[in-house]
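**Q** Below are the sequence and a predicted model for it; my questions follow.
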There are 2 protein chains.
Amino acid sequence: MDKLKTFLQTLAQITDKEFEDSKNNFQKVYLKKGELLLQKGKVCKQMSFVNRGSLRTFYFNNKAEEITHCFRTEGTFISSYKSFILQEPSILSIIALEDTELVVIDYDKVQKLYSTSLAWQNIGRLLTERAYIEMEEYASVLNNESAKEKYLRLLNEQGEILQKANVEHIATYLGVTRRTLSRIRQEISMQ
Amino acid sequence: MDKLKTFLQTLAQITDKEFEDSKNNFQKVYLKKGELLLQKGKVCKQMSFVNRGSLRTFYFNNKAEEITHCFRTEGTFISSYKSFILQEPSILSIIALEDTELVVIDYDKVQKLYSTSLAWQNIGRLLTERAYIEMEEYASVLNNESAKEKYLRLLNEQGEILQKANVEHIATYLGVTRRTLSRIRQEISMQ
DNA sequence: TGGGGCATAGGACAAATGACCTCAAATGCT
DNA sequence: AGCATTTGAGGTCATTTGTCCTATGCCCCA
């Protein structure tokens, strides 16, 4: 739980005591590579902090193609955010890219913390704000950058993902085809 | 203020009294067509509810091209969210597409409401959650849909904007060039 | 009312990307 | 180890989109 505590204390003013008092709301979950944390169609009832490992969220677009929505690594929160927020069936599935250790809290317990603690309400808002900013940046990248620029950005910002995810995952995350990604990689290797 | 009250009460549990008590934190602002609500480089110190009219946010990408980031119409909140959240200089500028009437609250007053009222803290989180979901959908559209599909979606979801914004605004919002937008419109008119 | 300035439509060609495919290498499974 | 299956690289051609440019219409104002 230490990583989580450090993460939260960097994010907001939460005392050791406040954290210890709410600690029993969290539980550890272990996933093997390829295991699903959430299956599409189910309501996302959990918010998870990645202690170790990495995950990928994906969905199927209206052409029934599997699209990678995001990658998550150590020290970040993951959930099917929209489903979690609205408590409606999830479009996204979440899968472990490797053996992964999570610290998980249930929706009901989050709501309980929100309603009883200003500190946790604050954390909830700050986490949402962060998620928003990240998504805004992602949209801006999708809107402005060429396939090559997007690839180089991913390499730079989440380079370790390139070792863990396959070409299909990366291509759909960047919004290009495998063929285009292959061309980009060739171009880069020739420089 | 009535529209704002209705909007907030649809969003969260806030009593008439709670609203009345915090009403003096809001002020009305009027913009003429073409006037800036926020200029890039300045910290966004306000969150605004659009009572009447419409606005456009834009930024300059790394090729110094002006890119439309979003359109806002009556009954929604607008701000340079990232700048507002982090209280750092804004990348975005906000401009009125037509004569516009806003109900505005300052950052400091928002923070005061957050720290003293669970109801407002709740509203803050819910608004952020909504903004997140909208941004996630925008990213998904940018990643998955063809130029034509994106145009038809805009037409369907914010059709009134097509009358108020010019071709350049719409094209950069959709992430295509004017030429492509022109082709799309031709295609549609021929069907 | 006539001309400057601006916005939009669209022609022509170039560049980027997608669709479809094959082959070789890597991986997993028994 | 040996076989089946998956994965990634890249060839080829089609399609989409971008770049650059011109023509036309519209608006505003002197």
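**A** Noted; the coordinates are in hand.

**Q** quick one: is stretch A:30-50 near DNA strand D?
**A** No: legend: contact between stretch A:30-50 and DNA strand D by CB under 7 Å from any atom of the strand is lacking; minimum distance shown is 9.6 Å. (Glycine included, C-beta is placed from N, CA and C.)

**Q** for the record, mean pLDDT for that stretch?
**A** Averaging pLDDT along stretch A:30-50 yields 95.

**Q** go on, stretch A:55-74?
**A** If you average the pLDDT values across stretch A:55-74, you get 93.

**Q** Report the backbone C-alpha coordinates of that stretch in PDB.
**A** What follows is stretch A:55-74, C-alpha atoms only, in PDB (Å, rounded to 0.1, in the frame of the first residue of the first chain):
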ATOM      1  CA  LEU A  55      -2.600  -3.100 -18.500                       C
ATOM      2  CA  ARG A  56      -4.400  -2.100 -21.600                       C
ATOM      3  CA  THR A  57      -7.900  -1.000 -22.100                       C
ATOM      4  CA  PHE A  58      -9.700  -1.600 -25.400                       C
ATOM      5  CA  TYR A  59     -13.100  -1.500 -27.100                       C
ATOM      6  CA  PHE A  60     -14.700  -2.500 -30.400                       C
ATOM      7  CA  ASN A  61     -15.600   0.300 -32.800                       C
ATOM      8  CA  ASN A  62     -18.600   0.300 -35.100                       C
ATOM      9  CA  LYS A  63     -16.600  -1.800 -37.700                       C
ATOM     10  CA  ALA A  64     -16.100  -4.500 -34.900                       C
ATOM     11  CA  GLU A  65     -12.400  -3.700 -34.900                       C
ATOM     12  CA  GLU A  66     -10.600  -3.900 -31.600                       C
ATOM     13  CA  ILE A  67      -9.200  -0.500 -30.600                       C
ATOM     14  CA  THR A  68      -6.700   0.100 -27.800                       C
ATOM     15  CA  HIS A  69      -7.900   3.000 -25.700                       C
ATOM     16  CA  CYS A  70      -5.000   3.400 -23.300                       C
ATOM     17  CA  PHE A  71      -2.100   1.800 -21.700                       C
ATOM     18  CA  ARG A  72      -1.400   2.000 -17.900                       C
ATOM     19  CA  THR A  73       1.800   1.300 -16.000                       C
ATOM     20  CA  GLU A  74       3.000   1.300 -12.400                       C
END
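
**Q** Would you tell me whether it gets close to DNA strand D?
**A** No: Stretch A:55-74 is not in contact with DNA strand D by CB under 7 Å from any atom of the strand; minimum separation 10.9 Å.

**Q** Enumerate the positions of that stretch that are buried.
**A** Residues of stretch A:55-74 classed as buried by neighbour count (16 or more other CB atoms under 10 Å in any protein chain shown): A:55-59, A:67-73.

**Q** after the longest helix anywhere in chain A comes which helix or strand?
**A** Longest helix in chain A by number of residues (criterion: DSSP state H): helix A:118-144. Downstream of helix A:118-144, the next assigned helix or strand under DSSP states H and E is helix A:147-158.

**Q** I'd like to know which elements the lowest-mean-pLDDT helix or strand in chain A is packed against.
**A** Taking mean pLDDT, DSSP states H and E as the measure, chain A has helix A:118-144 as its least confident helix or strand, at a mean of 89. If you count contacts as 3 or more CB pairs under 8 Å, 6 or more residues apart in numbering or on different chains; DSSP states H and E, helix A:118-144 packs onto helix A:2-11, helix A:16-22, helix A:107-116, helix A:147-158, strand B:66-73, helix B:81-86, helix B:107-116, helix B:118-144.
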